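>>> Make a model of this:
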Amino acid sequence: MYKYNDSFPMKRTLSPNDIISNHDFLVMRQSFQTELMQTKRNRRIPVADDVTFYFENHTTLWWQVQEMLRVEQGGHEQLQDELSAYAPLVPQKFDDGSMELVATFMIEIEDIERRFRVLSQLGGIEHSIILHVNEQSIQAVPENDIERTNEFGKTSAVHFIRFRLSTPMINQFNRPESTVTLEITHPHYAHQTILSDTQKSALAHDFI
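The predicted model follows:
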């Protein structure tokens, strides 16, 4: 059975062998959820009022697949669909020593009319995300599974992005005194936030 442990090196693949039955999942769901919610809380990074980044790892994506299977009861066919959607988002480690941070970022606005108005102004926002680690910077690469800005310039409320950090950038990130900043440079939504030590520590686990 899958056992959650956030102290070991992060797994880089999500496969059918990781998935447990709905019965077994329900048995351990409550205790697992308590631990997972703390992990997810530390990986949640808001930027200003409307945009929140949820940094993913093997554990958060495994949970998403298990929850979808629990709710929809779709069996083997659904499992294949869920893995096709979520397994590619597991952060990777590359032969040159570089590693990924992967995030779901969401434009979260409850009011329907305001949400439509804001989304209509933020076309291409997924191409305006930058991670700064001290003096080094890297542009996010959006997933290209579908086009998330339509012909009228309206963007999607949900995006998936990747940051591929070089070894020197990872070394800087891991320094306790480093300053890590997440920035959006879109002309209609130019904001940034500095990660807390707790947030930095949570994301640094992805580099183990």
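>>> In the protein, which helix is the longest?
Under DSSP state H, the helix in the chain containing the largest number of residues is helix 22-42.
>>> Any regions of this protein where pLDDT drops low?
Along the chain, segments meeting pLDDT under 70 span 1-9, 145-146.
>>> Against residue 197, how distant is residue 125?
Distance, residue 125 to residue 197, by CB to CB, to the nearest Å: 28 Å. All C-beta atoms are positioned from the backbone trio N, CA, C, and that covers glycine.
>>> Run the chain-centre distance for the longest helix of the chain.
Chain-centre distance of helix 22-42: 18 Å, with CA atoms, centre = their mean, to the nearest Å.
>>> tally of neighbours for residue 53?
Residue 53 has 24 neighbouring residues, counting by other CB atoms under 10 Å.
>>> That one pairs with what?
Applying DSSP bridges to residue 53 gives these bridge partners: residue 45, residue 105.
>>> who's in contact with it?
44-47, 103-105, 182 (CB atoms under 8 Å, 6 or more residues apart in numbering).
>>> on that earlier part again, neighbour-wise, which of residue 125 and residue 197 wins?
residue 125 (24 against 11).
>>> contacting residues for the residue lying closest to that one once chain neighbours are set aside?
Ranked by CB to CB, 6 or more residues apart in numbering and with sequence neighbours excluded, the top spatial neighbour of residue 125 is residue 186, at 4.7 Å. Residues counted as contacts of residue 186 (CB under 8 Å, 6+ apart) are 122, 124-125, 128.
>>> now the spatially most central residue of the chain, what's its secondary structure?
Centroid check for the chain by CA atoms, centre = their mean gives residue 103 as the closest residue, at 2.4 Å. Using DSSP: H, G, I helix; E, B strand; the rest coil, the structure places residue 103 in strand.
>>> Tell me how far stretch 61-81 lies from the chain's centre.
Distance of stretch 61-81 from its chain centroid, counting by CA atoms, centre = their mean, is 19 Å.
>>> Look up how far residue 177 lies from the residue nearest to residue 176 when sequence neighbours are not counted.
Excluding its sequence neighbours, the residue lying closest to residue 176 (CB to CB, 6+ apart) is residue 197, at 7.4 Å. With distances taken as CB to CB, residue 197 is found 10 Å from residue 177.
>>> before we move on, what about residue 45?
20 Å.
>>> okay, these two: which has more neighbours?
For the pair residue 45 and residue 177, the greater number of neighbours falls to residue 45 (21 against 7), based on other CB under 10 Å.
>>> Check the gap between the residue nearest to residue 176 and residue 191 for me.
Residue 197 is 21 Å from residue 191, by CB to CB.
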